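S.K.: Predicted structure and sequence below. I'll ask about it afterward.
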Amino acid sequence: MKILIVEDSEVLRRSLVVGLNHLGFATDETGDGSEGLAMALQYEYDAIILDLMLPSIDGMSLLQKIRQQKINTRVLILSAKNQTQDRVDGLLKGADDYLTKPFSFDELHARILTLMRRSTTENRDDCLNVGEFCLNLAKRTFEYQHTPIELTPNEFKILNCLFRSPNRVISLESISDAVVGSYNYLSKNAIEVHISAIRRKVRKVHGNLPIRNKRGFGYLIQN
């Protein structure tokens, strides 16, 4: 699982990175609102930890902009603003949870796990579609025009990662995390081998899966 931390306090930000990495999460981090927005729009994250008082773009504006782009990544606001109306505003504008500073790291961890469970429950029966391709998360199947295509577990995980965020570049690191977890690493060459195998299988059923390699950045699937 990968988490984006957008927090202007360098001390707190580094503390969150160390703590979450120790628990097995992969993290990206920034202290700038504009950079955080660019990262949230470009890359795939399982959750975003978002401060409200940020330079360049404030956290609430960042939240509204990613929701306008139909990005449904779980967002946990982490803020010193502790009035009831602040929490209400954050939740109504698209946040999934709101935790006030100072906070317990154990509580933050518990809230992240709750958000992940909620996301898994909501997506359990989803069929992710790209064109005439369907990736069924419940049945763990992949079809093109209702013709089944057999995938290995790793191939399925790669497509799951790409299908969740069509038209967005998914970094090699994010793909590796999705396949083997944060404690292991899937090399660039290994990812290329898996994607080449997927393409061959799709061509056998006369399909054309629009996976594009953005050299130096990662992969995206066009929808």
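M.R.: Ah, there it is.
S.K.: residue nearest the centroid of this protein?
M.R.: With the centre of the chain defined as its mean C-alpha position, the nearest residue by CA atoms, centre = their mean is residue 45, 2.0 Å away.
S.K.: Checking my notes, it in a strand, right?
M.R.: No. Remark: residue 45 does not belong to a strand; assigned using DSSP: H, G, I helix; E, B strand; the rest coil, it is coil.
S.K.: show me what contacts the nearest residue to it once chain neighbours are set aside?
M.R.: Setting aside the residues directly before and after it, residue 45 is nearest to residue 4 in space (CB to CB, 6 or more residues apart in numbering), at 4.6 Å. In this view, the C-beta of every residue, glycine as well, is placed from N, C-alpha and C. Counting by CB atoms under 8 Å, 6 or more residues apart in numbering, residue 4 touches 27-30, 36, 39-40, 43, 45, 47-49, 73.
S.K.: Excluding chain neighbours, what is closest to residue 208?
M.R.: If the residues on either side of it in the chain are set aside, residue 208 comes closest to residue 202, at 7.0 Å by CB to CB, 6+ apart.
S.K.: ugh, wrong one, residue 103
M.R.: According to CB to CB, 6+ apart, the nearest residue to residue 103 is residue 78 (7.1 Å).
S.K.: So what sits opposite that neighbour in the bridge?
M.R.: Residues found in beta-bridge contact with residue 78 (criterion: DSSP bridges) are residue 99.
S.K.: quick one, what contacts it?
M.R.: With contact set as CB under 8 Å, 6+ apart, residue 78 has these partners: 7, 49-51, 99, 101, 103, 108.
S.K.: residues contacting the closest residue to residue 80 other than its chain neighbours?
M.R.: Counting by CB to CB, 6+ apart, residue 80 lies nearest to residue 101, which is 4.5 Å off, once chain neighbours are set aside. Under the criterion of CB under 8 Å, 6+ apart, the contact list for residue 101 reads 78-80, 82.
S.K.: pLDDT score assigned to residue 101?
M.R.: pLDDT recorded at residue 101 is 91.
S.K.: how much space is there between it and residue 107?
M.R.: In this view, residue 101 and residue 107 are 12 Å apart by CB to CB, to the nearest Å.
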